[in-house]
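Peer 1: below: sequence and its predicted model.
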Amino acid sequence: MIKKIFAVIIAALICASFVFSASAYTQEYVIDYADKLSSSEIEELDALAEKLEAAYGVTVLFCITEGTGDVTADEFSSGTYGDYTDNENGIIIVHDDWNKAYFTFISGNADKYFSDAAVDSMIDAYDTNESYYGGIYACYELAEEYLENGYSGGYVNDGEPVYAGEADEPKTENEKDGVSIIWLPVSLLIGLLVGFLIINGIASKNKSVKMQENATVYTRPGSMVITGSADNFLYNNVERREKPKQAEKK
């Protein structure tokens, strides 16, 4: 019984580790199909984009590619956005480095923050920088400015002024789009149940020997045939008693 309990606890801990590992996963915000960035540079840029998403509920993706294959630019940008985030509010800027072209896709209420003019200014900031990393960093700096204050020219959508309080309120951490925290205990309970069933199944296979009424069941046929017998004594006790004398006849 103790072994069963211990095994279930181990299974639960393993399951919990998977849950926490999944919750600690960092989403990719910078997609480098052209291998222009190092892993450390991508990690830094991802952290910056994640900060923006947590504060404003808007996903800002940047993609560098070498052509778009057999799909159109619009299909490529919208498909890439959908592949890398489930957040309906966001923007992706795609740089086709091979064809020296840029195209974007805006989803949800992100158009309240990024007008055509705002997107053009972000692309200019990227294009004029000497490095890919520096260009994307400058692009994210402008994105933060637009998310906080709207387009610097005073307009969000082209020709439509932005007023204080018009933009959506920033989402708190608990309101952030994604997997609900309720799945943490649910996943843990599922792990406990699966672990119990597995360990119980393994333990049941160890009950192959059952108590038998006849002792011959525990012996191999023909192994208990007696061919001879002898009595062996390790010790002998010898008692000496004096023989009584017979009385003499008179």
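Peer 2: Arrived safely.

Peer 1: domain map for this protein?
Peer 2: As assigned by automatic domain parsing, the chain contains the domains 1-26+180-227, 33-179.

Peer 1: could I get the average pLDDT for the first one?
Peer 2: Per-residue pLDDT values across domain 1-26+180-227 average out to 66.

Peer 1: tell me which element Thr104 is part of?
Peer 2: strand 101-107 (DSSP states H and E).

Peer 1: now do that strand: which elements does it pack against?
Peer 2: helix 73-84, strand 90-96, helix 116-127 (3 or more Cβ pairs under 8 Å, 6 or more residues apart in numbering; DSSP states H and E). C-beta here means a position set from N, CA and C on the backbone, and glycine is covered the same way.

Peer 1: go again using 6 Å as the cut-off
Peer 2: Strand 101-107 is packed against helix 73-84, strand 90-96, with contacts defined by 3 or more Cβ pairs under 6 Å, 6 or more residues apart in numbering; DSSP states H and E.

Peer 1: out of these, which comes closest to Lys51?
Peer 2: Across these, Lys51 has its closest neighbour in strand 90-96 (14.4 Å, Cβ to Cβ).

Peer 1: which secondary structure element contains Val194?
Peer 2: Val194 is part of helix 183-204 when elements are defined by DSSP H and E.

Peer 1: can you list the buried residues in that helix?
Peer 2: Buried residues in helix 183-204, counted by 16 or more other Cβ atoms under 10 Å: 187-188, 191-192, 195-196, 199.

Peer 1: residue ranges for the strands of the chain, please.
Peer 2: 30-32, 59-65, 90-96, 101-107, 155-157, 160-161 (DSSP state E).

Peer 1: JSON lines please, covering these and showing distance to Leu142, mean pLDDT and mean neighbour count.
Peer 2: Formatted as JSON lines, the strands of the chain follow (distance: least, Cβ to Cβ, whole Å; pLDDT from 0 to 100; neighbours: other Cβ atoms under 10 Å):
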{"stretch": "strand 30-32", "distance to Leu142": "15", "mean pLDDT": "94", "mean neighbour count": "20"}
{"stretch": "strand 59-65", "distance to Leu142": "10", "mean pLDDT": "95", "mean neighbour count": "24"}
{"stretch": "strand 90-96", "distance to Leu142": "11", "mean pLDDT": "94", "mean neighbour count": "24"}
{"stretch": "strand 101-107", "distance to Leu142": "13", "mean pLDDT": "93", "mean neighbour count": "19"}
{"stretch": "strand 155-157", "distance to Leu142": "14", "mean pLDDT": "40", "mean neighbour count": "18"}
{"stretch": "strand 160-161", "distance to Leu142": "19", "mean pLDDT": "40", "mean neighbour count": "12"}
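
Peer 1: and those strands as TSV, adding distance to Gly134?
Peer 2: Listed next are the strands of the chain as TSV, based on distance: least, Cβ to Cβ, whole Å:
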stretch	distance to Gly134
strand 30-32	13
strand 59-65	13
strand 90-96	14
strand 101-107	17
strand 155-157	27
strand 160-161	32
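
Peer 1: and of those strands, who's closest to Thr72?
Peer 2: Closest among the strands of the chain, using Cβ to Cβ: strand 101-107, at 9.1 Å.

Peer 1: could you give the angle of the closest one to strand 59-65?
Peer 2: Put simply, strand 101-107 runs at 150 degrees to strand 59-65, going by axes from the mean of the first three to the mean of the last three Cα atoms, to 10 degrees.

Peer 1: direction included, what does strand 101-107 pair up with?
Peer 2: Strand 101-107 has these partner strands in its sheet, going by DSSP bridges: strand 90-96 (antiparallel).
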